[in-house]
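Participant: Any chance you can model this:
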Amino acid sequence: MSQPAETGGLGCDPSREGDGVFRFRVARGCVVAILMAALLIGIAGISEESASQPSRPPGVAWRFQTGDAISSSPAVAPNGVVFVGSRDRYVYAIEPGGTLRWRFLTGGRVDSSPAIGLDGSIFVGSEDGRLYALTAAGGLKWSVSLGGPVECSPAIGSDGRIYVGYTDRELDGSALCAFTSDGELLWSHFVDGPVFSSPAIAEDGTVYFGGFDYSLHAVDSQGHLKWTFRTGTWIRSSPAIGPDGSVIFGSDDHSVYAVTRDGTLKWRFETGGPVLASPVVDAEGTVLIGSDDATFYAIDDNGGLVWSFKPAGWVESAALVLSDGSIFFGCHGGGFYALTPTGELAWRLDDVGGVVSSPVFDAASGRLFFGAGDGSVYSIQTSAAGLADSSWPMFRQNPEHTASAGLLSQ
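Facilitator: Numbering: from 1, shown residues only. Model prediction:
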């Protein structure tokens, strides 16, 4: 890669042991046993990675290397430029062909995922405790200092307001803040404990986010609390909004929740581990989400299991679901997965490190993009025409990552 241009301002692969992949040594005369095992797996509705016969993964269209691991999830502008943060402290703008357009240096690692405003501005947080607004050309428009690291991702309302949470450095108080597009603070809604859950905005302007106070918060556009819904422990998952306006999210109490827009429980689905991943919704209203029990789940609108899939490790990446029903997500233990609409393994891309970054899709090129623990952004060509026709088909709802049900894209 050529020496990058820099603009502006002032870097752990968190993979965990255990690949979870079964390896079979098949002796002669064991065919019947294998067939019986496959039948039992089918009856249980659980797809084991090793039980599938996946096709080879498609070729990587391009790979862009940064200076450290990537937890940030890429956003894509209408012109195909990809924006992403890295733990090397930079925000990157990558051309559609995979070359560097610019990079902007912040004062801390950038795990926050960029959001793209209506005027093309890029909004992103940093561990240095600042929210940055950058121009499409990579210049600094403004930055504001918050009370601690900004590790969650901004959301952008239909009126241009920016909503973002931060974690107080003393860990005894944090807040969700609302800013004008010019960086003026409108209000702060304070909560007890860190905020890692990124906000989601409903069509009526209600902002939803989770906290370490065990609760999902619903706040109106003026910063007034509407209600809270309490779970068994921390909420690090970022909420999604279902087709009926319900709010769907995971909790470290091992559960996935759907809560109605007035704050009452619709359903609860229990997994075998903490749920840090954020949910997405397919065209049929099925919720797709991974868990730290090393399982990826499809859950129906009543909270029942449709199918599950066992990848090679914990799943903290949100999924991406496309118009052909194909499903994509990363694995904390390593690898990037493509599943069929029925939960069978289509292909797996190895040797990318742990993947907690969530994939994004660009309809114009038909490509998806994700960051990885090896410090690279990957571009993969797909055959899909667009995103699934659903309320929340990917992390942060749309390619620009506005996380607003009132701002649909592509």
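
Participant: rest of the way, CA atoms for contacts and neighbours
Facilitator: Fine.

Participant: Output the lowest mean pLDDT helix or strand found in the protein.
Facilitator: Least confident helix or strand, the chain: helix 31-44 with a mean of 37, by mean pLDDT, DSSP states H and E.

Participant: what about the helices in the stretch 251-400 of the chain?
Facilitator: Applying DSSP state H, counting those that start in this stretch to the stretch 251-400 of the chain gives no helices.

Participant: Which parts of it are strands?
Facilitator: Ranges of strands within the stretch 251-400 of the chain are 255-259, 265-270, 280-281, 287-291, 295-299, 305-310, 320-321, 327-330, 336-339, 345-349, 360-362, 367-371, 376-381, based on DSSP state E, counting those that start in this stretch.

Participant: which sections of the stretch 301-410 of the chain are below the confidence cut-off?
Facilitator: Applying pLDDT under 70 to the stretch 301-410 of the chain flags residues 406-410.

Participant: can we see that at 50?
Facilitator: 408-410 (pLDDT under 50).

Participant: got the contact list for D362?
Facilitator: D362 makes contact with V76, G80, L368, G386, P399, Q410 under the criterion C-alpha atoms under 8 Å, 6 or more residues apart in numbering.

Participant: Buried subset of those residues, written for PyMOL?
Facilitator: To isolate the buried members of those in PyMOL, using 16 or more other C-alpha atoms under 10 Å:
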select buried, resi 76+80+368+386+399
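
Participant: returning to what we had before: with distance to A93 as added columns, please give the strands of the stretch 251-400 of the chain in TSV.
Facilitator: As requested, those are exported to TSV (distance: least, C-alpha to C-alpha, whole Å):
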stretch	distance to A93
strand 255-259	34
strand 265-270	38
strand 280-281	26
strand 287-291	28
strand 295-299	31
strand 305-310	34
strand 320-321	21
strand 327-330	22
strand 336-339	22
strand 345-349	24
strand 360-362	15
strand 367-371	13
strand 376-381	11
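
Participant: from the contacts of D362, which single one is nearest S215?
Facilitator: P399 (27.7 Å; C-alpha to C-alpha).

Participant: Isn't the closest one up against G80?
Facilitator: No. Look at P399 against G80 with C-alpha atoms under 8 Å: they stay out of range, at 9.9 Å.

Participant: Can I get stretch 204-218 in PDB, CA atoms only?
Facilitator: Output in PDB follows, covering the C-alpha atoms of stretch 204-218 (Å, rounded to 0.1, in the frame of the first residue of the first chain):
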ATOM      1  CA  ASP A 204     -41.500   8.800  16.300                       C
ATOM      2  CA  GLY A 205     -38.100  10.100  17.500                       C
ATOM      3  CA  THR A 206     -37.800   7.900  20.600                       C
ATOM      4  CA  VAL A 207     -34.200   6.900  21.300                       C
ATOM      5  CA  TYR A 208     -33.400   3.500  22.700                       C
ATOM      6  CA  PHE A 209     -30.100   2.400  24.300                       C
ATOM      7  CA  GLY A 210     -28.900  -0.100  27.000                       C
ATOM      8  CA  GLY A 211     -26.700   0.400  30.000                       C
ATOM      9  CA  PHE A 212     -24.700  -1.300  32.700                       C
ATOM     10  CA  ASP A 213     -27.600  -0.400  35.000                       C
ATOM     11  CA  TYR A 214     -29.300  -3.500  33.600                       C
ATOM     12  CA  SER A 215     -31.900  -1.400  31.800                       C
ATOM     13  CA  LEU A 216     -33.000  -0.500  28.300                       C
ATOM     14  CA  HIS A 217     -33.800   3.200  28.300                       C
ATOM     15  CA  ALA A 218     -36.400   4.900  26.100                       C
END
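
Participant: Not counting its neighbours along the chain, what's nearest G304?
Facilitator: Sequence neighbours aside, F269 is the residue nearest to G304 in space, at 7.3 Å (criterion: C-alpha to C-alpha, 6 or more residues apart in numbering).

Participant: I'd guessed that neighbour sits against D253; true?
Facilitator: No. Between F269 and D253 no contact is recorded; they are 10.8 Å apart, counting by C-alpha under 8 Å.

Participant: who touches both of these two?
Facilitator: In contact with both F269 and D253: no residue, using C-alpha under 8 Å, 6+ apart.

Participant: give me every residue that touches the closest residue to G285 other than its chain neighbours.
Facilitator: With C-alpha to C-alpha, 6+ apart as the criterion, G285 has its nearest non-adjacent residue at 6.3 Å, and that residue is D301. Neighbouring residues of D301 by C-alpha under 8 Å, 6+ apart: G285, T286, V287.

Participant: Look at R101 and say how many residues are nearby.
Facilitator: Using other C-alpha atoms under 10 Å, R101 has 18 neighbouring residues.

Participant: check contacts around it.
Facilitator: A5, Y92, A93, I94, E95.

Participant: at 6 Å what do you get?
Facilitator: Residues near R101 by C-alpha atoms under 6 Å, 6 or more residues apart in numbering: A93, I94, E95.

Participant: pLDDT score for the last one?
Facilitator: Looking back up the chat, that one is E95. Looking at E95, its pLDDT is 98.

Participant: so it makes contact with G80?
Facilitator: No. Assessed by C-alpha atoms under 6 Å, E95 is found out of contact with G80, at 7.2 Å.

Participant: Pull up the pairing partners for the one helix or strand V164 maps to, direction included.
Facilitator: Using DSSP states H and E, V164 sits in strand 162-167. Strand 162-167 pairs in its sheet with strand 155-156 (antiparallel), strand 174-179 (antiparallel), by DSSP bridges.

Participant: tally of neighbours for the residue nearest to G304?
Facilitator: 16.

Participant: partner residues bridging A175?
Facilitator: Applying DSSP bridges, one finds that A175 bridges with Y166, F190.

Participant: Isn't it up against H189?
Facilitator: Yes. Assessed by C-alpha under 6 Å, A175 is found in contact with H189 at 5.2 Å.

Participant: ok, the two, which is more surrounded?
Facilitator: Taking neighbours as other C-alpha under 10 Å, A175 and H189 compare with A175 leading, 23 against 16.

Participant: V144 and T135, how far apart?
Facilitator: Counting by C-alpha to C-alpha, to the nearest Å, the separation of V144 from T135 is 15 Å.

Participant: Kindly report the same for L265.
Facilitator: Distance, L265 to T135, using C-alpha to C-alpha: 41 Å.
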